[in-house]
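Chemist: sequence and predicted model, in that order:
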Amino acid sequence: MKQIVFEKRHKAEWEAFERWLEQNEKKKKKGAPPARADALPDQEIPRAYRRICQLLALARDRQYSPDIIDRLNRIALRGHHMLYGARGGQPARLWSFFAAGFPRLVRSEWRLVAAAAALFAGPLLILLAVLPVFPDFIYYFVDPAGLARFQEMYDPANPRLGMRQADDNVMMFAFYIWNNVKIGFQTFATGILLGLGSIFYLLFNGAQIGAIAGHFSGASFSEPFWSFVSGHSAMELSAIVLSGAAGLKLGSAVVAPGARARTQALVQAAKPAIRLMYGAAAMFLIAAFIEGFWSPLTAFPASVKYTVGCVMWAFVLAYFVISGRGRAA
Amino acid sequence: MLDTARRISTPEGIELTLRLAGPVPRALAWAVDLLLRAVVLAIIALTGTALHQFGSAIVLLSAFVIEWLYPAWFEATWGSTPGKRAFGLIVLNDDGTPVRWPAALTRNLLRAVDFLPAMYFAGFLAMVMNRDFKRLGDLAANTLVVYREEQLQALAIPDAEPQPPGFALSIAEQRAIIDFASRSTGLTQERAEELAQIPRSLTDGVPAGKATARLIGIANYLVGRQ
């Protein structure tokens, strides 16, 4: 068939499809424009799209001129985007993710989570034990000016723990999000470098937190410090560990891809890893909220704040151990 | 075919052609985005200072959102950030479908690594080491940055009397002649003439200085202006 005849015979088909595309691509951007009388009905679109694909294959096979092939390719590509791009039902999926998917994912990646927890908690616990014996160690982690800032924050005379005089709850909440989530993201992203970045951030953050905790465990700062950190510690520390586990997931795919190509292994590892990060980000958010609005309160005695901290830890652990076991996947 | 063309197969059993974007347009798009983000943040900061502590809370939160979520949100909902849009680029999955949240977030969180040690050096290194110009974030998220198809029609073939080539040409040959014709206006006359003399069998016997016109004539014939 000559190209001219082909065009004459099928032009109407691809023009109708183009009109539908234009209308619906606009609809995605801003309110629906009025449908034209000769517009294709939506239920006809899959058939019309397959027809365009067929025309494109024919045009290629018959070696028609490149401009018609390009044009059909463009129309087919736009159709491809419209048909395969549309998805819905996000809110329901979000709920089922936090109710079941996320804890299930953490359980299925328990080896990496345990490794990340060990990398993080190891230096934390060691420094917590060592610092009361060698108090000068603190200066390896915090400079004197920084330490003075911390001391002001945990001064027993401070009416709002963990904050300096000029700070405000909402501002601190925003600061914790900006700072802590960034640390989580960095811990995750640098995992792609053979896991080394995640390992570094886990060790480094564990050491820093351990050193500060060890420093303030002695002397009169002990009670204000622990009553400040206890409330949000469960959420925040678990979120750091999970970010590290997600980073190690990327790293382990690069280091040991198994029977797949490295790039392929990385793509497959990135999917559960980013889902871990969804959960970790949500936990950082909750931690920032607690840290901004509950942890500074001095209206409650330390025993109440310790109890809340223990309840939070029990809740987080129970969530990861129990949640999502009931329904079959 | 050009080496930046990438073919993808669809479930319908046909192949679609995508054109990959290299480091330069992507760097420029990033610079535009950076400028845009800086301006937005500056405006927020200026209005924020009027609100004291609450203002700095807003500034910190927007700094976080603009730094980490701005590119992912634009790519997941529109396919490209304003900067990419300005350069006619779009982010797609490896199979040519539009990206959604998981892929958009993956590729944008990994910017933290691609940026290392400074100015996207790691990302650039990764881009020149694979044939799809993927930075580390693209490798992990399995995404491509390609030109939007509308951009490709910018070049037009100059009008001329259509001339049949005299014998059948393959698609690749036809494409080469059409591409030559559309670019001939941007070349010096001498260079265009020089190039036009390469396909001997088409320009043999054409008077000196007329080879370009001959190929433009053939291009007009090939695009169906006969």
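Modeler: Received, thanks. Numbering: from 1, shown residues only, chains lettered A, B, ... in the order given.
Chemist: need the strands for chain B, in chain order.
Modeler: Ranges of strands in chain B, per DSSP state E, are B:5-9, B:15-19, B:89-93, B:143-147.
Chemist: and the ones you listed as TSV, adding distance to residue A:194 and mean neighbour count?
Modeler: (Glycine included, C-beta is placed from N, CA and C.) Shown next, in TSV, are those (distance: least, C-beta to C-beta, whole Å; neighbours: other C-beta atoms under 10 Å in any protein chain shown):
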stretch	distance to residue A:194	mean neighbour count
strand B:5-9	28	14
strand B:15-19	31	19
strand B:89-93	26	22
strand B:143-147	22	23
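Chemist: show me the one of these that comes nearest residue A:223.
Modeler: Closest of the strands of chain B to residue A:223 is strand B:143-147, at 50.9 Å (criterion: C-beta to C-beta).
Chemist: roughly how far is that closest one from the heart of the chain?
Modeler: Relative to its chain's centre, strand B:143-147 lies at 7 Å (C-alpha atoms, centre = their mean, to the nearest Å).
Chemist: just the residues contacting it, thanks.
Modeler: B:6, B:18-21, B:26, B:84, B:88-94, B:99, B:103, B:107, B:132-134, B:137-138 (C-beta atoms under 8 Å, 6 or more residues apart in numbering or on different chains).
Chemist: could you rerun that using 7 Å?
Modeler: B:6, B:18-21, B:26, B:88-94, B:99, B:103, B:107, B:132-133, B:138 (C-beta atoms under 7 Å, 6 or more residues apart in numbering or on different chains).
Chemist: for the longest helix along chain B, packing partners?
Modeler: Ranked by residue count, the top helix of chain B under DSSP state H comes out as helix B:23-49. Using 3 or more C-beta pairs under 7 Å, 6 or more residues apart in numbering or on different chains; DSSP states H and E, the elements in contact with helix B:23-49 are helix B:52-64, helix B:82-86, strand B:89-93.
Chemist: so which of the strands of chain B comes closest to residue A:1?
Modeler: Once those are compared by C-beta to C-beta, strand B:15-19 is nearest, at 21.3 Å.
Chemist: close to chain A, is the closest one?
Modeler: Yes. For a cut-off given as C-beta under 7 Å from any C-beta of the partner chain, strand B:15-19 has contacts with chain A, namely B:16-17.
Chemist: same question, stretch B:199-219
Modeler: No. Using C-beta under 7 Å from any C-beta, stretch B:199-219 stays clear of chain A, coming no nearer than 9.7 Å.
Chemist: run the chain-centre distance for that stretch.
Modeler: On C-alpha atoms, centre = their mean, the centre of stretch B:199-219 falls 32 Å from that of its chain.
Chemist: what residues sit buried inside it?
Modeler: For stretch B:199-219, burial by neighbour count (16 or more other C-beta atoms under 10 Å in any protein chain shown) applies to B:199, B:202-203, B:206, B:211-219.
Chemist: what about residue 134, neighbour count?
Modeler: The chain I'm using is chain A. As a burial measure, residue A:134 scores 10 neighbours (other C-beta atoms under 10 Å in any protein chain shown).
Chemist: other chain: chain B
Modeler: 23.
Chemist: residue B:162 now?
Modeler: Neighbours around residue B:162, by other C-beta under 10 Å: 16.
Chemist: wait, doesn't it sit right on residue B:216?
Modeler: No. Using C-beta atoms under 7 Å, residue B:162 is not in contact with residue B:216; the gap is 9.8 Å.
Chemist: can you name the residues of chain B that neighbour chain A?
Modeler: B:10, B:12, B:14, B:16-17, B:53-54, B:56-57, B:60-61, B:63-64, B:68, B:96-98, B:100, B:102, B:105-106, B:109-110, B:112-113, B:136, B:139-142, B:149, B:171, B:174-175, B:178, B:222-224.
Chemist: please pick the buried ones from the residues you listed.
Modeler: B:10, B:12, B:14, B:16-17, B:56-57, B:60-61, B:63-64, B:68, B:96-98, B:102, B:105-106, B:109-110, B:112-113, B:136, B:139-142, B:149, B:174-175, B:178, B:222-223.
Chemist: low-confidence ranges, chain A, go.
Modeler: A:26-38, A:85-91, A:164-166, A:219, A:327-329 (pLDDT under 70).
Chemist: buried stuff in the helix ranked longest in it?
Modeler: Longest helix in chain A, counting residues (DSSP H): helix A:222-255. For helix A:222-255, a neighbour-count test (16+ other C-beta under 10 Å) marks A:223-254 as buried.
Chemist: same check on stretch A:101-117?
Modeler: A:101-106, A:109, A:112-113, A:115-117.
Chemist: give me the subset of these lying in helices.
Modeler: A:102-106, A:112-113, A:115-117.
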